[in-house]
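**Student:** Any chance you could fold what I've pasted below:
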Amino acid sequence: MSGHSHWAGIKHKKALIDAKRGKEWSKVAKSIIIAAKQGGGNPDDNIRLRAAIAEARAVNMPKDNITRAIKRGTGELDPVEYEEVLYEGYGPNGIAVMAAGLTDNRNRTAPEVRKIFEVCGGKLGQSGCVGWNFDKKGVIEVESGEKGEEEMMDLAIEAGADDVETLEDAYKIMCAPEAFDAVLEYLNGVNIQPLHAEITYVPRDAMVIDDVAVARKAIKLTEALDEHEDIQNVSANFVIADSIMEQLEE
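**Tutor:** As a prediction, this is how the structure comes out:
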């Protein structure tokens, strides 16, 4: 029995890993499809497609899957129509949440997103209810080992970016959405490959969470939204106090 139970546990863990990988691949595939549809299927002429392919490789997406996604975007294979969706709502303690996505069935996605908010102690709101507290930005992350902080700042500003934030092991470069492609092109020209690149929503100010229970609920909500297959990125206006993070990590 113990051997059976052990194998059942392994299968369960593998299923969870495969499911997560499948969702990651699905999201990246959508990014590739949209990039190919908007700018063509040749990565040499489409900087956004190059960035999407790089991200696909970073999550170990098979080459055949990448090729299929490109062909679906150009209409050569099983063309699919995705539309952009944006959901705004409130989380625990009134935190503001924005979830942007791509879907081929808005009538399916909206109720599923609403349920996630409700189950996680939040509420889906009307369009514009929290959007005033966010700015749409191009966000590009690169490894901090690529360049020194000052050099990276100079390169980013020269490329057309607005700001550079130093993270633990990466730089976060932010720019206006209309400058996104040009910044990517510039970084590629100086042999800097992004870890991640997207146009997303950045909060103007942040609410500090200093309660463990609220922090857990906020994390649960944002993670659940992020795991939804149709949601490409999630933004929220909270930060968790260091003392609370220490308790969560224990």
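
**Student:** would you list every one of the helices in the protein?
**Tutor:** For the chain, helices defined by DSSP state H occupy the ranges 2-39, 47-58, 63-74, 106-119, 149-159, 180-189, 212-227, 242-249.

**Student:** pLDDT on the fifth one, on average?
**Tutor:** Right, helix 149-159. Confidence for helix 149-159, expressed as mean pLDDT, is 91.

**Student:** got it, and the last one?
**Tutor:** When pLDDT is averaged along helix 242-249, the result is 85.

**Student:** Mind listing the strands the longest strand that the chain contains pairs with, and their directions?
**Tutor:** Longest strand of the chain, by residue count under DSSP state E: strand 134-143. Here strand 134-143 has these sheet partners by DSSP bridges: strand 170-175 (antiparallel), strand 196-203 (antiparallel).

**Student:** Compare the ones you listed and report which one is nearest to Lys23.
**Tutor:** Evaluated with C-beta to C-beta, those place strand 196-203 nearest to Lys23, the distance being 16.0 Å. C-beta coordinates here come from the backbone N, C-alpha and C atoms, glycine included.

**Student:** any idea how far Asn107 is from Ala224?
**Tutor:** As judged by C-beta to C-beta, to the nearest Å, Asn107 and Ala224 stand 20 Å apart.

**Student:** the more surrounded of those two?
**Tutor:** Applying other C-beta atoms under 10 Å to Asn107 and Ala224 shows that Ala224 carries more neighbours, namely 18 against 7.

**Student:** dump the residue contacts of that one.
**Tutor:** Neighbouring residues of Ala224 by C-beta atoms under 8 Å, 6 or more residues apart in numbering: 116, 119-120.

**Student:** Scan those and report the most crowded one.
**Tutor:** Using other C-beta under 10 Å as the neighbour test, the contacts of Ala224 are led by Ile116, with 23 neighbours.

**Student:** Do I have it right that it meets Leu221?
**Tutor:** Yes: Ile116 lies in contact with Leu221 (C-beta atoms under 8 Å); the separation is 7.2 Å.

**Student:** what's the weakest-modelled helix or strand in the chain?
**Tutor:** Here the helix or strand of the chain ranked lowest by mean pLDDT, DSSP states H and E is helix 2-39, holding a mean of 62.

**Student:** Please report phi then psi for Asn46.
**Tutor:** Main-chain dihedrals, Asn46, degrees, to the nearest 10: phi -140, psi 90.

**Student:** List the residues that contact it.
**Tutor:** Counting by C-beta under 8 Å, 6+ apart, Asn46 has contacts 35-36, 39-40.

**Student:** Quick one: buried ones out of those?
**Tutor:** Among these, those classed as buried by 16 or more other C-beta atoms under 10 Å are 35-36, 39.

**Student:** Could you check how many residues crowd around Asn65?
**Tutor:** Using other C-beta under 10 Å, Asn65 has 15 other residues around it.

**Student:** and it, what pLDDT?
**Tutor:** pLDDT, Asn65: 92.

**Student:** With Val239 as the reference, measure out to it.
**Tutor:** As for Asn65, its distance to Val239 is 36 Å (criterion: C-beta to C-beta).

**Student:** quick one, what contacts Lys172?
**Tutor:** Going by C-beta under 8 Å, 6+ apart, Lys172 touches 139-141, 164-166.

**Student:** Looking at the residues you listed, which is nearest Leu184?
**Tutor:** Ile140 (6.6 Å).

**Student:** That closest one contacts Pro194, correct?
**Tutor:** Yes: with contact defined as C-beta under 8 Å, Ile140 counts as touching Pro194 (5.0 Å).

**Student:** Mutual contacts of those two, please.
**Tutor:** Common contact partners of Ile140 and Pro194 (C-beta under 8 Å, 6+ apart): 184, 187.

**Student:** Which one's more surrounded, these two?
**Tutor:** Each of Ile140 and Pro194 has its neighbours counted (other C-beta under 10 Å); Ile140 has more, 27 against 23.
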